[in-house]
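In: Next comes the sequence, and after it the predicted model I'd like to discuss.
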Amino acid sequence: MNELLRVEGLRVAPASDPRRLLVNDVSFTLAPGRTTCIVGESGSGKSLTALAVMDLLPPALRRLSGRVLFQGSDLTAYSPAQMQDVRGKRIGMIFQEPMTSLNPVLNVGYQIGESLTAHLGLRGKALKVRVAALLEQMGIPAERATSYPDELSGGQRQRVMIAMSIACDPAMLIADEPTTALDVTVQAQILALLDELRRRMRMGMLFITHDFGVVADIADDVVVMFRGQIVESGPADEVLGQPRHPYTRALLDCVPDAGGEKPLKPIDYAWLNEAAS
Amino acid sequence: MNGDIILGARGLSKAYRQRSGRFGFGSSLVKALDDVSLEIARGTTLAVVGESGSGKSTLARCLLQLQPLDAGQVLFEGVDLAALDGARLRAARRHIQMVFQDPFASLNPRMKVGDIVGEGLLIHGMGDAEERRDRVLRMLRRVGLGAADMQKYPHEFSGGQRQRIGIARALVLEPRLVVCDEPVSALDVSIQAQILLLLKELQQEMGLSYLFISHDLRVVRHIADTVAVMYGGRVVEQGAAERIYLDPQQEYTRNLLNAIHRREH
């Protein structure tokens, strides 16, 4: 079986209003060593899908149905303690805001080391050596282990987050808009780093973004979400080259191109509503 | 100076003392602006492009006299802003407005949208209460919001709508120059396109000149007439947008362009 992750019929809704489906019958797969991008706008349900996979939904939301098969076993049947062991060890995570995800009063070496101690029991000299190696791998000098988050640039903080997420050699990495808050040049560097790590560590990567420009850079497969549902999915070349759904085309059209030949076209939601009905 | 130049800056320099060392006891001098000169022709858009730390936001603040310059001169419609006294500087500021990056942080969460947009009119003593209300409503409608929105608070709006409120707040004063500091960087790509088109339409309708600050050359391509590329507090290259994109002269500009050309599809 050549599947790392299989999500089947995932449904998420507020506990207070179970009929208002925020994630509606979402199914997709991720192969080992490949990248699947979930693309959509704010409110499309793309981040909730990732959170539901990790069993990290906010308390007001419920997973109503669906299976999350990771390396063949259904994570929805796991106990909270078992999930704790999966998160950070077998599945790594990175989020958008490196400044709010890092603890400002602990040095970055300590924060990278935490999961190595928790999951793998590394301590002392062995821990120090492993943390130094991870920092070097991220392109950060090992002596920055004693630096605090505010002493690093935005790009370096995101590199620290990546070091934390892959410290335990996970089989899968979930990255939720990891480059959105960064300068374009730094974005390109971070994407290149993630792509290299994916290849070298043979990780599967589930990458969440609103920007089709990013998708073109890194995706093998694409899942396009709109209002909680998947409107189109498939290999990246096909979805980018011959988008079939009008929403996918609209989302592609509003990406500004550096050539400037393509006019900017915002999404016409009224027209989409008509097309959908 | 040519009468068609709405804003001219010559030899702007600004240095900061930056704290350094673990507890900030040491300090070093950082040149945020190093002999920067530029011009904006009336009715056009100058985009200032650079990465974090290039000095582009310091440039905006110094142009608006929100921060004193160490050296250099800023002429707005031929008048030296630094030479104006308090009252006349305030009067001139009505004609130069700002749109900020973060629509979440730049709107007062305790004020209703109608009051946020109308505050500038009140401060500059423009019109009576009824006229002000009319102008606020017309401006809100123009940016795609409605009368009912005047009574709402910022948290009730999406990021794109909040940026529309920020634009309405700046433009209700009928300024002649608008400084846009990364106005779409915090928004979804789909919302970026809406806001960029709105800014372009308003420029046409109101004859506005823009200083548009951005790190993203993809976005700049769709709005700029001229481009100034900043690096380390200096303008390393400037000229017509077309020329910068098609025939960049500097290594640094080429690197910035390469970062976005990887993104073509």
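Out: Structure's in. What do you need?
In: In the stretch 51-200 of chain B, where is pLDDT below threshold?
Out: Within the stretch 51-200 of chain B, no range satisfies pLDDT under 70.
In: Kindly recompute the last result at 90.
Out: By pLDDT under 90, the weakly predicted segments of the stretch 51-200 of chain B are B:51-53, B:57, B:61, B:64-68, B:81-93, B:100-106, B:127, B:158-159, B:185-190.
In: And the helices in the stretch 101-250 of chain B?
Out: Ranges of helices within the stretch 101-250 of chain B are B:113-123, B:129-142, B:159-171, B:189-206, B:217-221, B:241-246, based on DSSP state H, counting those that start in this stretch.
In: Longest helix in chain A, please.
Out: Using DSSP state H, we find that the single longest helix of chain A is helix A:184-201.
In: middle-most residue in chain A, spatially?
Out: Most central in chain A under CA atoms, centre = their mean is A:A175, positioned 2.1 Å from the mean C-alpha point.
In: Would you mind listing the residues in contact with that one?
Out: Contact analysis of A:A175 by CB atoms under 8 Å, 6 or more residues apart in numbering or on different chains lists A:93-94, A:194, A:205-208. For glycine as for every other residue, the C-beta is placed from the backbone atoms N, C-alpha and C.
In: hey, which of the helices of the stretch 101-250 of chain B is tucked in deepest?
Out: helix B:217-221 (a mean of 25; mean count of other CB atoms under 10 Å in any protein chain shown).
In: Assess the claim that B:L197 and A:P266 are in contact.
Out: Yes. Here B:L197 reaches A:P266: they are 6.1 Å apart, a contact under CB atoms under 8 Å.
In: what about the residue nearest to B:P175 when sequence neighbours are not counted, is that helix, strand or coil?
Out: In space, and not counting its chain neighbours, B:P175 is closest to B:Q97: 4.1 Å by CB to CB, 6 or more residues apart in numbering or on different chains. The local conformation at B:Q97, judged by DSSP: H, G, I helix; E, B strand; the rest coil, is strand.
In: Now for B:Q97: which residues touch it?
Out: By CB under 8 Å, 6+ apart, the contact set of B:Q97 is B:120, B:170-171, B:173, B:175, B:177-179.
In: any chance of the residues you listed in a markdown table, plus distance to A:Q229?
Out: As requested, the contacts of B:Q97 are exported to a markdown table (distance: CB to CB, whole Å):
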| residue | distance to A:Q229 |
| --- | --- |
| B:G120 | 43 |
| B:A170 | 37 |
| B:L171 | 37 |
| B:L173 | 43 |
| B:P175 | 43 |
| B:L177 | 45 |
| B:V178 | 39 |
| B:V179 | 41 |
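In: which bits of chain B sit near chain A?
Out: Residues of chain B lying near chain A by CB under 8 Å from any CB of the partner chain: B:51-52, B:158-159, B:188-194, B:196-197, B:215-219, B:221-222, B:245, B:255-257, B:259-265.
In: Would you confirm that B:R169 contacts B:E119?
Out: Yes. B:R169 lies in contact with B:E119 (CB under 8 Å); the separation is 7.4 Å.
In: Need the overlap of contacts for these two.
Out: Here B:R169 and B:E119 share no contacting residue, scored by CB under 8 Å, 6+ apart.
In: thinking again about what came up before, could you dump the helices of the stretch 101-250 of chain B into a markdown table and include distance to A:E136?
Out: Shown next, in a markdown table, are the helices of the stretch 101-250 of chain B (distance: least, CB to CB, whole Å):
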| stretch | distance to A:E136 |
| --- | --- |
| helix B:113-123 | 49 |
| helix B:129-142 | 53 |
| helix B:159-171 | 37 |
| helix B:189-206 | 34 |
| helix B:217-221 | 31 |
| helix B:241-246 | 37 |
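In: What pLDDT does the model give A:P149?
Out: Among the per-residue scores, A:P149 shows a pLDDT of 91.
In: do A:G260 as well
Out: Reported pLDDT for A:G260: 68.
In: Could you tell me which ranges of the stretch 101-250 of chain A sit under the pLDDT cut-off?
Out: Looking at the stretch 101-250 of chain A by pLDDT under 90, you get A:101-102, A:104, A:115, A:150-155, A:179-188, A:212-214, A:216-217.
In: Show me what the longest helix of chain A is packed up against.
Out: helix A:154-166, strand A:172-176, strand A:204-209, helix A:212-218, helix B:251-261 (3 or more CB pairs under 8 Å, 6 or more residues apart in numbering or on different chains; DSSP states H and E).
In: pull the CA atoms of it into PDB?
Out: Extracted C-alpha coordinates of helix A:184-201, given in PDB (Å, rounded to 0.1, in the frame of the first residue of the first chain):
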ATOM      1  CA  VAL A 184       9.100  37.000  -0.900                       C
ATOM      2  CA  THR A 185      12.800  36.200  -1.000                       C
ATOM      3  CA  VAL A 186      12.700  34.500   2.400                       C
ATOM      4  CA  GLN A 187       9.600  32.600   1.300                       C
ATOM      5  CA  ALA A 188      11.500  31.100  -1.600                       C
ATOM      6  CA  GLN A 189      14.400  30.100   0.700                       C
ATOM      7  CA  ILE A 190      12.000  28.400   3.200                       C
ATOM      8  CA  LEU A 191      10.100  26.600   0.500                       C
ATOM      9  CA  ALA A 192      13.400  25.300  -0.900                       C
ATOM     10  CA  LEU A 193      14.500  24.100   2.500                       C
ATOM     11  CA  LEU A 194      11.200  22.300   3.200                       C
ATOM     12  CA  ASP A 195      11.400  20.700  -0.200                       C
ATOM     13  CA  GLU A 196      15.000  19.500   0.300                       C
ATOM     14  CA  LEU A 197      14.100  18.100   3.800                       C
ATOM     15  CA  ARG A 198      11.100  16.300   2.300                       C
ATOM     16  CA  ARG A 199      13.300  14.600  -0.300                       C
ATOM     17  CA  ARG A 200      16.200  13.800   2.000                       C
ATOM     18  CA  MET A 201      14.000  12.500   4.900                       C
END
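In: centre of the chain versus it, how much separation?
Out: With CA atoms, centre = their mean, to the nearest Å as the basis, helix A:184-201 stands 13 Å off its chain's centre.
In: Just the angle for that helix relative to helix A:154-166, thanks.
Out: 20 degrees (axes from the mean of the first three to the mean of the last three CA atoms, to 10 degrees).
In: In CSV, list the C-alpha atoms belonging to the host helix or strand of B:S57.
Out: Per DSSP states H and E, B:S57 falls inside helix B:56-63. Coordinates of each C-alpha in helix B:56-63 appear next as CSV, following Å, rounded to 0.1, in the frame of the first residue of the first chain:
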residue,chain,number,x,y,z
LYS,B,56,11.4,51.3,3.1
SER,B,57,9.1,51.9,6.1
THR,B,58,11.5,54.4,7.7
LEU,B,59,11.4,56.2,4.3
ALA,B,60,7.6,56.4,4.6
ARG,B,61,7.6,57.8,8.1
CYS,B,62,10.3,60.3,7.3
LEU,B,63,8.5,61.5,4.2
